[in-house]
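Visitor: Fold the following, please.
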Amino acid sequence: MAEINPLPPKYYLDYFDYLIEFVLKMYGSLLTRGELDFIRGYQELPENARCLFVRMSNRKGPYFKPETFVYPEIEDIEGNLELLIEKGFARRPDSALPVQAEALFQLLTKADLLRITAALKPVIMPPRQIRKDDLMRWLLHEYQPEQLTEAALGIQPVVEVLYTREIELMKFLFFGNRYDDMTEFVIRDLGHVRYQSFDEEVLTKKFQNRKELEDALTVSYLKENFYELVNTMPPDELYDWFILNHSEISPSLSEIAIPSLNRLTLRVAGWLERHKMFEQALELYQLTTDPPARERKARLLYKLGFVSEAVNLCQEMAAYPQNADELYFGQDFLERISKSKKRVIRQTTLALNEADTIVLPADYRHHVEEGAVHYFIGQGYDAFFSENIPWRSIFGLLFWEIIYDTNVQAIHHPLQRVPSDFFLPDFYVKREHLLRQRISELKSQEQIKDILSQTYEEKYGTANVLVGWHEALLPQILTIADLIKVEQLNRILLEMATDLRDKTRGFPDLLVWRGREYNFVEIKSPTDHLSARQLNWQHFFRENGVSSKIVRVKWEE
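Guide: As a prediction, the model looks like this:
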């Protein structure tokens, strides 16, 4: 039997029409006259013309071979293509109009490019076994774009979809970014992902004005350009390019776009540092205080001979750390500088040196945690992997409605999996009273286990940025909730809430227990290192009376 498509034939049209209506309703006041004209013109097209336009818009690149348009659900493709051209939604390129030669070449086969080359009558014809990418580069180097376009269109009819900028803007306004796309609708309707249900009437704008929108787009394009340029531009030129763009946009950048620019600045600085451009990298690190900027600045200041500045920065990190990495780095590096030691034993290394040791068969070299589970089970304990996912899931299940509370104004469209403030300090600032109120209501282990079980059953499979659904999850989180005290769990959850980007990682690898006796165990092979996050959770657990330890592994000889 033929496979039945679970989606209606014109599902993509329904999705795009919905997206356009949503954007018009939510952001109509931010759109320009030209953008509103595009929407009106699109909505006035006949259904089959809209289908063809959406099909073209969803494909990669602006150029297409009309012969590849095989869509059984669209009647009279050729006639509707002519209508799109007549109404200004597509065109047939020619050498008199600007054409992106490289994008046009991506559409063509190597055989097409060889035919173009022959039509240009070069003095020496490239060999037929030449790679397509090499042939493209040679043509773009040897000939003017107008010559290439004329030759290309002479051997291959091509159509170009228009309004690509407006379409990208519509999707950006709906999703709030440029990496989500229309497949989110497909994933939902095929049942691959269940989304949290929101009342669309209470969804809020992500962008409050046109400047916020333009600034967010500018940073997004800047990031895209950087990743394109790293493969072609020398480091010194790339530094000049970025510092010029940063200085132009940063003085008046909207608050909503600043975190994205800071993340990009850190990436560029790290790239420059890896290319030994230390002074330039330091200059970029000085443009932000987001981690790991202060740590990298301290290292570079010391490397470049600015010792007192490095000392001051380490003291600042040790006294006011933004995360565990800054805390332990500031203390360790300060000791190295102040004592003029070439080698200082880091606190993470000291903790490893003091750890208990177990001996495992060498067969477990590549799956150490599994070997440790078998070891503890052999000692009469129960054990399972408890690193990150159970803790995140407890947080996600207990605080589900708070995470996705539309009153906080961090939910902007119905397919949103992650609140827009989730990885920002705003998450805790906006929800602190809700989180503390919820925690004050958690009075007993039985109550917590009931809430976890009920939410697990009600929400199973629904997308939650923290909950990692799997069959063994519920018994694992119930075991954790049963073994540790209510006040201990509450302190851990509040600590996580203060920085969900950093403090939802680094939890111990295993939970090992027998009766009421338990330990959260961080397992380290002979070649593994302890991270600052892992050490920080070890300290936090011990300070709050949660049994936890580090265990080093030795291999049987």
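Visitor: Contact partners for the closest residue to residue 41 other than its chain neighbours?
Guide: Leaving out its chain neighbours, the residue that sits closest to residue 41 by Cβ to Cβ, 6 or more residues apart in numbering is residue 87, at 6.5 Å. (Each C-beta comes from the backbone N, C-alpha and C, glycine too.) By Cβ atoms under 8 Å, 6 or more residues apart in numbering, residue 87 lies in contact with 41, 45, 49.
Visitor: Which ChimeraX command selects the buried ones in the residues you listed?
Guide: Restricted to buried positions by 16 or more other Cβ atoms under 10 Å, the ChimeraX selection for the contacts of residue 87 reads:
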select :45,49
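Visitor: got the contacts of residue 87 as CSV, with distance to residue 128 and secondary structure columns?
Guide: Shown next, in CSV, are the contacts of residue 87 (distance: Cβ to Cβ, whole Å; DSSP: H, G, I helix; E, B strand; the rest coil):
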residue, distance to residue 128, secondary structure
41, 46, helix
45, 44, coil
49, 41, helix
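Visitor: any chance of the contacts of residue 87 in CSV, with pLDDT and distance to residue 226 too?
Guide: As requested, these are arranged in CSV below (pLDDT from 0 to 100; distance: Cβ to Cβ, whole Å):
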residue, pLDDT, distance to residue 226
41, 98, 35
45, 98, 37
49, 98, 38
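Visitor: in which helix or strand would I find the residue sitting nearest the centre point of the chain?
Guide: In the chain, the C-alpha nearest the mean C-alpha coordinate belongs to residue 179, at 8.7 Å (Cα atoms, centre = their mean). For residue 179, there is no host helix or strand (DSSP states H and E).
Visitor: distance of it from residue 252?
Guide: Distance of residue 179 to residue 252, computed by Cβ to Cβ, to the nearest Å: 26 Å.
Visitor: Can you report phi and psi for residue 211?
Guide: With angles defined as degrees, to the nearest 10, residue 211 sits at phi -60, psi -40.
Visitor: Kindly apply the preceding question to residue 358 instead.
Guide: The phi/psi pair for residue 358 (degrees, to the nearest 10) reads phi -130, psi 160.
Visitor: So in terms of bridging, what pairs with it?
Guide: Going by DSSP bridges, residue 358 is paired in beta bridges with residue 553.
Visitor: Got the domain ranges for this structure?
Guide: Following the assignment in automatic domain parsing, the chain carries domains at 11-184, 201-349, 353-555.
Visitor: Redo those as TSV? Include distance to residue 194.
Guide: Output for these, formatted as TSV (distance: least, Cβ to Cβ, whole Å):
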stretch	distance to residue 194
domain 11-184	13
domain 201-349	18
domain 353-555	4
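Visitor: Residue 195 is nearest to which of these?
Guide: Comparison of the domains of the chain against residue 195 by Cβ to Cβ identifies domain 353-555 as nearest, at 5.5 Å.
Visitor: What's the end-to-end length of the closest one?
Guide: With Cα to Cα, to the nearest Å as the measure, domain 353-555 spans 16 Å from end to end.
Visitor: average pLDDT across it?
Guide: Averaging pLDDT along domain 353-555 yields 96.
Visitor: That domain: how far from the chain's middle?
Guide: 22 Å (Cα atoms, centre = their mean, to the nearest Å).
Visitor: Stretch 246-254 now?
Guide: Per Cα atoms, centre = their mean, the centroid offset for stretch 246-254 relative to its chain is 23 Å.
Visitor: Relative to residue 220, how far out is the residue nearest to the centre of the chain?
Guide: 9 Å.
Visitor: One more: residue 108?
Guide: Per Cβ to Cβ, residue 108 is found 29 Å from residue 220.
Visitor: same check, this time on residue 504
Guide: Residue 504 sits at a distance of 25 Å from residue 220 (criterion: Cβ to Cβ).
Visitor: Kindly report the same for residue 376.
Guide: The spacing between residue 376 and residue 220, counted by Cβ to Cβ, is 48 Å.
Visitor: Run through the helices of the stretch 251-400 of the chain in chain order.
Guide: Here the stretch 251-400 of the chain has its helices, by DSSP state H, counting those that start in this stretch, at 258-274, 278-285, 293-303, 307-319, 324-338, 347-353, 368-378, 389-398, 400-403.
Visitor: of all those, which lies closest to residue 481?
Guide: Using Cβ to Cβ, those put helix 389-398 closest to residue 481, at 7.0 Å.
Visitor: Show me what that closest one is packed against.
Guide: Applying 3 or more Cβ pairs under 8 Å, 6 or more residues apart in numbering; DSSP states H and E, one finds that helix 389-398 contacts helix 445-459, helix 473-483, helix 486-497.
Visitor: okay, the ones you listed in CSV with distance to residue 232 and mean neighbour count next?
Guide: Below are these laid out as CSV (distance: least, Cβ to Cβ, whole Å; neighbours: other Cβ atoms under 10 Å):
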stretch, distance to residue 232, mean neighbour count
helix 445-459, 47, 15
helix 473-483, 46, 19
helix 486-497, 42, 18
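Visitor: okay if I get those as CSV plus distance to residue 437?
Guide: As requested, the helices and strands packed on helix 389-398 are exported to CSV (distance: least, Cβ to Cβ, whole Å):
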stretch, distance to residue 437
helix 445-459, 14
helix 473-483, 19
helix 486-497, 12
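Visitor: Of these, give the one that comes closest to residue 552.
Guide: The closest of the helices and strands packed on helix 389-398 to residue 552 is helix 473-483. By Cβ to Cβ, the value is 23.8 Å.
Visitor: ok so, going back, identify whichever of the domains of the chain lies nearest to residue 193.
Guide: Closest approach to residue 193 among the domains of the chain (Cβ to Cβ): domain 353-555, 5.2 Å.
Visitor: can you tell me which residues contact residue 63?
Guide: Applying Cβ under 8 Å, 6+ apart to residue 63 gives the contacts 93, 100, 103-104, 107, 158-160.
Visitor: Nothing else from me, thank you.
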